[in-house]
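[1] Return a 3D structure for these sequence lines:
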Amino acid sequence: MPKKLFIRTFGCQMNEYDSDKMADALAAAMPICRTENPSEADIILFNTCSVREKAQEKVFHDLGRVRPLKNKNPNLLIGVGGCVASQEGENLLSRAPYVDLIFGPQTLHRLPQLIEERRASGKPAIDISFPEIEKFDSLPAAKVDGASAFLSVMEGCSKFCTFCIIPYTRGGEISRPLDDVLKEATALARAGVREITLLGQNVNAYQGLAHAQTGGDEFQADLPLLIECLAKIPEIERIRYTTSHPREMTERLLETYARVPKLVSHLHLPAQSGSDRVLAAMKRGYTALEYKSVIRKLRAARPGICISSDFIVGFPGETEEDFDKTMRLIEEVGFDMSFSFLFSPRPGTPAAELEDNAPAEVKSARLSRLQARINEQAQAISRSMVGSTERVLVEGASKKNPNELAGRTDNNRIVNFLGNPRQIHHFVQVKITDALPHSLRGEIVIREN
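    Next comes the predicted model:
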């Protein structure tokens with residue numbers, strides 16, 4: 001009888017990818033099946049995020065909710081993985097002593113061994129070490145479900161922004177060898193994947209070990225070379241990558257947008273602020289002018305590209321003038337989406353020690369103003385697409401209407417339309433007929449064979 005596995009994921013796409021890998025690692029070691037109901041699970045895993053305080057507290061809230069299940073079934077295994085586990089380690093047990101497994105982002109491949117260790121000793125099994133590239137070498141082949149797939153190419157971050165806990169929970173930047181990435185991409189393509197999203201905390205800092213075709217000399221392959229190699233795989237028709245750092249947007253990477261049509265016309269490039277003073281306090285390593293210069297070169301290489309971003313509002317010491325400069329940057333760049341949040345001090349980061357006197361209501365008002373303006377800009381871009389014909393990868397049934405289909409455009413917008421279920425996981429041409437607040441509507445023009 002297969003064991004039932006419940007996984008709840010918090011945070012970013014890297015965590016979504018890691019959750020799938022947890023399931024893969026366990027499935028390779030024992031008969032197991034996923035469930036969406038924690039009350040029937042034999043193993044419950046929380047894959048956590050510590051980027052913001054609320055995300056961290058949600059984990060402890062959810063742990064409290066499954067504690068009665070542990071009381072009812074002492075054989076139930078409860079595990080905490082990801083960045084909260086890496087940050088808290090054994091301290092997790094002081095708040096949740098009933099947790100059986102604690103593992104970091106770099107040790108999720110050791111889950112089967114940790115389970116055996118827990119069962120043998122009767123004590124919580126903990127491994128939050130940083131064994132670098134071992135995780136990727138140890139994981140089984142991915143199970144493909146659909147025409148889109150994530151492909152993790154590097155881990156960690158070496159930028160040490162003053163507000164960010166990631167370098168401490170995921171370690172420094174480690175890139176997978178080029179051949180390993182291409183091998184996995186080829187396997188995904190053969191399994192039916194047509195769109196690949198390359199993942200990394202700073203994916204454009206990728207520096208994977210590679211071998212020259214002549215002579216066998218080793219060298220460091222950058223993200224542009226990786227993209228060019230992926231584009232040569234015939235089945236791979238669309239390439240995305242996230243998340244990027246402005247300091248790593250090299251001339252070579254910018255030129256790739258002019259050379260490689262398979263690279264999408266959308267980039268997520270976190271700005272965080274438009275104030276040079278705040279950017280310096282964040283240790284971001286660029287100015288607002290330098291950020292805008294990157295966008296100008298990018299649009300010269302790929303006219304019409306859509307740019308999304310991240311913003312932190314209310315960083316310690318942010319003044320009204322600083323915030324106005326952020327709003328000016330938003331206007332000048334014309335972002336079409338953002339992930340924007342109030343500053344959340346993370347214990348152990350330099351920014352947590354900074355004095356902050358701005359009232360909470362002032363920060364909240366700024367955040368609302370910022371989000372409203374970006375939503376306006378996003379809607380204007382969506383309206384400008386009405387009447388155009390877009391190449392859409394059909395992902396499945398529409399969430400709004402199960403009798404319709406939904407797919408994603410090159411510039412990362414969801415389109416709902418009438419179609420045949422046989423078109424799922426294929427590219428179709430869709431004429432955009434209407435722009436709604438969070439999606440587009442369209443009608444099929446022609447299906448690509």
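
[2] for the stretch 251-400 of the chain, which spans come out with low pLDDT?
    Within the stretch 251-400 of the chain, no range satisfies pLDDT under 70.

[3] The same query, at a cut-off of 90, please.
    Scanning the stretch 251-400 of the chain for pLDDT under 90 picks out 344-348, 355-358, 400.

[4] who touches the nearest residue to residue 29 once chain neighbours are set aside in this structure?
    Computed as Cβ to Cβ, 6 or more residues apart in numbering, the closest residue to residue 29 that is not its neighbour in sequence is residue 112, at 3.6 Å. Backbone N, C-alpha and C define where each C-beta goes, glycine included. For residue 112, the contact set (Cβ atoms under 8 Å, 6 or more residues apart in numbering) comprises 25, 26, 28, 29, 30.

[5] and the first one, what pLDDT?
    It refers to residue 25. We have a pLDDT of 90 for residue 25.

[6] One more: residue 216?
    66.

[7] repeat for residue 224
    pLDDT, read off for residue 224, is 98.

[8] do the one 4 residues further on as well
    Per-residue confidence for residue 228 comes out at a pLDDT of 98.

[9] How about the one 10 residues further on?
    The model reports residue 238 with a pLDDT of 98.

[10] Test of understanding: give the bridge partners of it.
    residue 195 (DSSP bridges).

[11] tell me the contacts of it?
    Taking Cβ under 8 Å, 6+ apart as the test, what residue 238 contacts is 194, 195, 196, 262, 264, 393, 410.

[12] got a winner among those residues for most neighbours?
    residue 196 (26 neighbours; other Cβ atoms under 10 Å).

[13] Output the below-cut-off pLDDT ranges for the stretch 101-250 of the chain.
    Low-confidence segments of the stretch 101-250 of the chain, defined by pLDDT under 90: 105-107, 109, 128-146, 155-156, 165-166, 168-171, 211-218.

[14] Break down it into its helices, ranges please.
    Ranges of helices within the stretch 101-250 of the chain are 111-121, 134-138, 166-169, 178-190, 223-231, based on DSSP state H, counting those that start in this stretch.

[15] any chance of those helices in a markdown table, plus distance to residue 49?
    Below are the helices of the stretch 101-250 of the chain laid out as a markdown table (distance: least, Cβ to Cβ, whole Å):
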| stretch | distance to residue 49 |
| --- | --- |
| helix 111-121 | 18 |
| helix 134-138 | 18 |
| helix 166-169 | 9 |
| helix 178-190 | 24 |
| helix 223-231 | 24 |
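
[16] With respect to residue 257, which of these lies nearest?
    helix 223-231 (9.6 Å; Cβ to Cβ).

[17] Could the C-alpha coordinates of the closest one be exported in CSV?
    These are the backbone C-alpha positions of helix 223-231, laid out as CSV (Å, rounded to 0.1, in the frame of the first residue of the first chain):
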residue,chain,number,x,y,z
LEU,A,223,23.4,32.4,-19.1
PRO,A,224,23.5,33.7,-22.7
LEU,A,225,25.4,30.6,-23.8
LEU,A,226,23.0,28.4,-21.9
ILE,A,227,20.0,30.0,-23.6
GLU,A,228,21.6,29.7,-27.0
CYS,A,229,22.2,26.0,-26.4
LEU,A,230,18.7,25.4,-25.2
ALA,A,231,17.3,27.2,-28.3
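
[18] tilt between it and helix 178-190?
    30 degrees (axes from the mean of the first three to the mean of the last three Cα atoms, to 10 degrees).

[19] ok, residues contacting helix 223-231?
    153, 178, 181-182, 185, 196, 198, 203-206, 208, 210, 236, 239, 241, 248, 250, 252-253, 255-256, 259-260, 262-263.

[20] do the same with stretch 341-352
    Contacts for stretch 341-352 (Cβ under 8 Å, 6+ apart): 50-54, 87, 162-165, 168, 281-283, 311-316, 318, 356, 363-364, 367.

[21] same thing but at 6 Å, please
    52, 53, 162, 163, 165, 312, 313, 314, 315, 363, 367 (Cβ atoms under 6 Å, 6 or more residues apart in numbering).

[22] Tell me, how many residues neighbour the third one?
    What it means is residue 162. Per other Cβ under 10 Å, the neighbour tally for residue 162 reads 18.

[23] that older thread, filter the contacts of helix 223-231 to the buried ones?
    Listed as buried from the contacts of helix 223-231 are 153, 178, 181-182, 185, 196, 198, 203-206, 208, 210, 236, 239, 241, 248, 253, 256, 260, 262-263; burial here means 16 or more other Cβ atoms under 10 Å.
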